[in-house]
Structure formats: structure tokens, C-alpha cells
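Visitor: pasted the sequence and its predicted model underneath.
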Amino acid sequence: MSGRKLIVGGNWKCNGTLDQVKAIVDHLNEAHVPCPNHIEVVIAPPFCFLPVLRNTLRSDFHLAAQNCWTGKGGAFTGEISAEMLTNLNVSWVILGHSERRTLCSESDEMVAEKVAYALSQGLKVILCCGETLEQREKNETNAVVARQIKAVADKVQSWGNLVIAYEPVWAIGTGKVATPQQAQETHAAIRTWLSQNVSESVAQQIRIQYGGSVSATNCKELGSQPDIDGFLVGGASLKPEFVDILNARINIHH
Ligand SMILES: O=C(CO)COP(=O)(O)O
């Protein structure tokens, strides 16, 4: 047993109407999920739905924002600061998602700045990393992931409130899930990098989620890999099957 508690996130991305949000919350509230002893659940709706979820979602599920600004608030039209999230009792933020890196041109340095600032404000952070198909085919997976994590390691001293989500870009929203072996290999490589560049205890203690086309069907095998400590789920987190994913590893210990 690794001793690392399973952590599963639902990243709703830019999806949902108020009616759909209410229906998903009702479903989650009624679901039997054995938290907080066995699993930590983090739901990341679009910003505008955070207050609704804060008021209606069961209290043993945590909330995450999908992004935040690099520093204190101010004249940054369209941005949301870390302080605003803590003010709403949102305890987590997802940073460095590949959609933001690609579609919003967020660099490794910008992501690292966001991570450091969010941590300094008491937020917990899910830091996303992952390679494109082209990078995987050129055997660059470990180097890309190491580069993304190094940018953060250069700015952050304390890793206790950080979770890493390994999300190969080619597996996101494509139905092309990484094989359990592919995911395990990269997760193990991340731990090796951390042990060589940060510390052995951070390498052993940090939780690493897998994300990319996770479903009720593939989550059990993925979750039985020794270095996979949970999932970051996109599409399936909007569907009833999310509850099956939350319950995937109840009887699996490693
Ligand atoms: O990007 C993801 C989670 O952050 C994964 O999305 P999908 O589960 O839809 O592939």
C-alpha cells in the first residue's frame, strides 16, 4: 500500500447550464461514496457555478476552480484571483491544463507563477502536465513532463498542497485512453524526477492523477497501477458514470 489517499477530480470544463448543474449535484448528493476516509473528491465547475455548488453540493466533496490569475487581483479584466476563490470557500484550483496551455498560450513559467501564488494564498493545486502525440512519438514524453514540473519546482518550496495530474494531450477528449502501462510508466518517471530533483519524500508522498478519456470501463485497471493515485475526469464527470469512477478502487489497495 502506498499510503496515498485516492483523489478523483471532475473537470467540467466549459460545460453546463444551471439546470444541468442542479441535476448533476442531485445525483452526486445521493450517491454512496465512501469519503472522506477512502477518497477525496474534487469537483471543478466553471467559475460562475462555484457559488451554486458551494451552497448545494454535499460538504464532503471539495470544489476547485479551473484556473486563476498569476497574482493579486487588480486591473486584469476577465480574470479571477486566488483570493476570490478562498473567499468563496473554494479550496482547490486546477492549473496548467493543456487546454489553457494550448488555447490560451499559458507558458510553463506562467503556470508556475500561478501555482506558487495560489499555494501562497492557501489553495491546494492540481498541476496538469502531459505530452502531445507528436512528442510521444518522438520519445519526448518524460522530458516534456519534467520540463513542465521543473518550472514549478523552481518556484515552489512546499509540495504538501500539490497534486500532479498526468494528462497526455492525445488522450484528452479523444476516447484514446493511455494504456495502464503507458500511464504507470510516466507516473513512475515523474516520481523518479521528483526524487532526483526535489526529494525522496515528495516523490513518495505526492499524489499523481491520470487524466484523459477516463471512463467507468477503464478506471479499474488504471487505478490498480501502483503509481496512479486517482483520476482527473473530463467528459465522464458530467455523466452518472462519474459515481462508478469514484467507487472504482474501493477494494483495491496498493
Ligand atoms: O482534460 C481532462 C480532465 O482535465 C480529461 O478530459 P476527458 O476525460 O474528457 O478526456
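Guide: Happy to help now that I have it. Numbering: from 1, shown residues only.
Visitor: in the stretch 1-150 of the chain, what residue lies closest to the ligand?
Guide: Closest residue of the stretch 1-150 of the chain to the ligand, CB to the nearest ligand atom: residue 11 (3.7 Å). The C-beta positions use only the backbone N, C-alpha and C, and glycine is treated the same way.
Visitor: bridging residues for that residue?
Guide: Beta-bridge partners recorded for residue 11 (DSSP bridges): residue 44.
Visitor: shouldn't residue 8 be within a strand?
Guide: Yes. Checked against DSSP: H, G, I helix; E, B strand; the rest coil, residue 8 lies within a strand.
Visitor: with adjacent residues omitted, what lies nearest to the residue of the chain found nearest the ligand?
Guide: The nearest approach of the chain to the ligand comes at residue 234, 2.2 Å away (CB to the nearest ligand atom). Distance criterion CB to CB, 6 or more residues apart in numbering; nearest residue to residue 234, sequence neighbours excluded, is residue 11 at 5.2 Å.
Visitor: show me the contacts for the one you found.
Guide: 44, 66, 94, 97, 211, 232, 233, 234, 237 (CB atoms under 8 Å, 6 or more residues apart in numbering).
Visitor: residue 38: which of those is nearest?
Guide: residue 233 (17.2 Å; CB to CB).
Visitor: ok, the nearest residue to the closest one once chain neighbours are set aside - contacts?
Guide: Sequence neighbours aside, residue 214 is the residue nearest to residue 233 in space, at 4.9 Å (criterion: CB to CB, 6+ apart). Going by CB under 8 Å, 6+ apart, residue 214 touches 177, 222, 231, 232, 233, 234, 236, 245.
Visitor: please repeat the previous calculation with a cut-off of 10 Å.
Guide: Shown in contact with residue 214 (CB atoms under 10 Å, 6 or more residues apart in numbering): 8, 167, 171, 177-178, 183, 222-223, 230-237, 241-242, 245, 248.
Visitor: quick one: pLDDT of the residue lying farthest from the centre of the chain?
Guide: Within the chain, the residue lying farthest from the chain centre (CA atoms, centre = their mean) is residue 75, at 28.3 Å. At residue 75, the model reports a pLDDT of 98.
Visitor: ends of stretch 166-179, what's the gap?
Guide: 13 Å (CA to CA, to the nearest Å).
Visitor: and the spatially closest residue to residue 39 that is not a sequence neighbour, how far from residue 190?
Guide: The shortest distance from residue 39 to any non-neighbouring residue, by CB to CB, 6+ apart, is to residue 6 (4.5 Å). If you measure residue 6 against residue 190 using CB to CB, to the nearest Å, the figure is 17 Å.
Visitor: in stretch 116-132, what's buried?
Guide: Residues of stretch 116-132 classed as buried: 116-119, 121, 123-132 (neighbour count, 16 or more other CB atoms under 10 Å).
Visitor: lovely, talk soon.
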